[in-house]
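> Here is my input; please provide its structure:
(one chain, ligands or ions: 1)
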Amino acid sequence: MNPFRGEGEWLKAALHTHSTVSDGTLAPDRLVQSYVEAGFDIVAITDHWRLTQPNARDDVILVPGAELGFDMIAPAYPRQSAEFLVYGLTDIPEDPGGDRSNWYFSDEDNYEVRTFPSLSEGTKWAAGQGAVTYVAHPYWNQLPPHELMAMEGYTGIEVFNGSAELECGRGDSSPWWDLLLGEGREVFGIATDDQHYPLFELGTAWTMLNVAERSPAAVLDALRTGASYFSHGPSIYDVSDQDGGMEITCSPARSIRLQTEEEFGACVTVGRAGRRMGQILETDGRGLITRAFVEGAAERRYRRVVIVDEHGNRAWSNPL
Ligand SMILES: [Zn+2]
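Sure thing, here's the model as predicted:
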């Protein structure tokens with residue numbers, strides 16, 4: 001499915017953010033207001049083990065969310081666990097059944113960790129609620145790719161996390177994504193700011209969702225079907241399948257990549273070290289690419305687009 005060729009409306013979503021209900025610094029309604037002022041259309045507050053319910057308002061779509069935890073198969077250090085984001089849930093399980101020695105509560109930080117026995121157990125519980133799950137920041141959690149490979153039931157992974165990138169350089173989990181896609185798994189991506197400290201993190205990454213209507217149900221549908229792209233800078237306007245590759249229209253870019261399994265990807269790039277495995281079709285006044293054809297055979301196991309702007313910020317499409 002190609003959301004760029006559909007009829008829906010593109011909306012800007014904050015899908016991983018924390019309020020004072022867990023370890024964030026803004027109260028829920030203030031947090032929602034901040035996203036509205038920053039141009040967001042959709043907000044899912046994902047407090048740790050809390051279901052935060054800000055007041056409804058008509059200028060933003062609010063989606064119930066939470067960040068929950070699970071025990072890892074082979075943790076590398078004591079009390080190591082990992083996390084997943086749940087959208088559209090209706091309650092929080094009191095006892096998710098995981099290893100109590102991984103659980104943690106800090107009154108001072110208002111921070112709680114509980115765990116499901118595994119990611120698959122967590123996604124099964126979420127599916128029972130009619131909810132959609134994305135695995136949070138696998139690189140930041142040091143979640144080995146083979147553990148992700150062994151688990152099921154998740155719709156996607158958080159490919160880019162703005163605060164993890166800023167704080168410790170562990171924001172980009174796209175190698176995990178390529179490993180899953182290369183194995184033939186159908187897994188979508190999102191980017192988020194994982195905001196706890198609004199001045200530093202709010203709006204540092206986001207997901208664009210192509211929705212059929214402005215409702216929480218339509219947002220969940222878009223998350224479930226990968227009708228999205230995600231970014232910490234550039235925009236993708238159109239991607240179309242062409243003979244032997246794809247044509248992409250985007251905000252001014254230094255490079256456009258078509259990523260596939262193994263080493264079969266390709267790119268067109270302008271400026272120093274610019275290599276063209278395709279054709280530049282349009283540039284802006286400064287010579288940056290706004291439309292290009294990039295080579296990539298349709299027989300590839302998957303093809304996904306990455307836009308790199310002049311600052312090195314990226315936008316990612318799902319496999320198309
Ligand atoms: Zn978080």
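
> C-alpha from now on. contacts and neighbour counts both.
Noted.

> neighbours of Leu255, just the number please.
Actually, residue 255 is Ser. It isn't Leu. 24 (other CA atoms under 10 Å).

> residue contacts, the residue lying closest to Thr260 once chain neighbours are set aside?
Nearest residue to Thr260, sequence neighbours excluded (CA to CA, 6 or more residues apart in numbering): Arg303, at 4.9 Å. The contact partners of Arg303, taken as CA atoms under 8 Å, 6 or more residues apart in numbering, are Leu258, Gln259, Thr260, Gly296, Pro319, Leu320.

> How about Gly233?
Ala205, Asp309, Asn313, Arg314, Ala315.

> Which secondary structure state is assigned to it?
State at Gly233, reduced to three classes by DSSP: H, G, I helix; E, B strand; the rest coil: coil.

> Look up how far His48 lies from it.
Distance, Gly233 to His48, using CA to CA, to the nearest Å: 27 Å.

> out of the contacts of Arg303, which are inside strands?
Leu258, Gln259 (DSSP state E).

> And for stretch 161-181, what's in contact with it?
Taking CA under 8 Å, 6+ apart as the rule, stretch 161-181 contacts 137-140, 145, 149, 157-160, 186-187, 189, 191-195, 201, 204-205, 232, 260-261, 301-302.

> buried subset of these?
By neighbour count, with 16 or more other CA atoms under 10 Å, the contacts of stretch 161-181 hold 137-140, 157-160, 186-187, 189, 191-195, 201, 204-205, 232, 260-261, 302 as buried.

> just checking, which of the residues you listed belong to strands?
Per DSSP E, those map to strands at Ile157, Glu158, Val159, Phe160, Gly189, Ala191, Thr192.

> Among these, which one lies nearest to Asp29?
Asp29 lies nearest to Thr192 out of those, by CA to CA, at 19.1 Å.

> Could you count how many residues lie near Ala66?
For Ala66, using other CA under 10 Å, the count is 28.

> Repeat that for Cys168.
So Cys168, with other CA under 10 Å, has 9 neighbours.

> Check the one 3 residues further on too.
Number of residues near Gly171 (other CA under 10 Å) recorded here: 23.

> how near is the nearest residue to Asp29 once chain neighbours are set aside to Arg30?
Using CA to CA, 6+ apart and skipping residues adjacent in sequence, the residue nearest Asp29 is Pro54, 5.5 Å away. Per CA to CA, Pro54 is found 9 Å from Arg30.

> which of these two has more neighbours?
Pro54 (18 against 13).

> So for that one, what's the pLDDT?
Note for Pro54: predicted pLDDT of 97.

> residues in contact with it?
By CA under 8 Å, 6+ apart, the neighbours of Pro54 are Pro28, Asp29, Val32, Leu62.

> all helices for the chain, in order.
Per DSSP state H, the chain carries helices over the ranges 28-37, 119-128, 138-141, 145-150, 162-168, 174-182, 198-201, 216-225.

> model confidence over the first one, on average?
Meaning helix 28-37. 98.

> So what touches that helix?
14, 19-21, 41, 43, 45, 52-55, 59-60, 202-203.

> How about exporting it as PDB, limited to the C-alpha atoms?
Extracted in PDB, the C-alpha atoms of helix 28-37 (Å, rounded to 0.1, in the frame of the first residue of the first chain):
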ATOM      1  CA  PRO A  28      -1.200  16.600  30.300                       C
ATOM      2  CA  ASP A  29      -3.300  19.600  29.100                       C
ATOM      3  CA  ARG A  30      -0.200  21.900  28.900                       C
ATOM      4  CA  LEU A  31       1.600  19.200  27.000                       C
ATOM      5  CA  VAL A  32      -1.200  18.900  24.400                       C
ATOM      6  CA  GLN A  33      -1.300  22.700  24.100                       C
ATOM      7  CA  SER A  34       2.400  22.800  23.400                       C
ATOM      8  CA  TYR A  35       2.100  20.300  20.600                       C
ATOM      9  CA  VAL A  36      -0.900  22.200  19.100                       C
ATOM     10  CA  GLU A  37       1.300  25.400  19.200                       C
END
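
> From the chain's centroid, how far away is that helix?
20 Å (CA atoms, centre = their mean, to the nearest Å).

> quick one: contacts for the most centrally placed residue in the chain?
Closest residue to the average C-alpha location of the chain: Ile190 at 1.4 Å, with CA atoms, centre = their mean. Under the criterion of CA under 8 Å, 6+ apart, the neighbours of Ile190 are Gly156, Ile157, Glu158, Val159, Phe160, Trp206, Thr207, Ser228, Tyr229, Phe230.

> Check Ala227 too.
Contacts for Ala227 were tallied using CA under 8 Å, 6+ apart; they are Met1, Asn2, Pro3, Leu209, Asn210, Val211.
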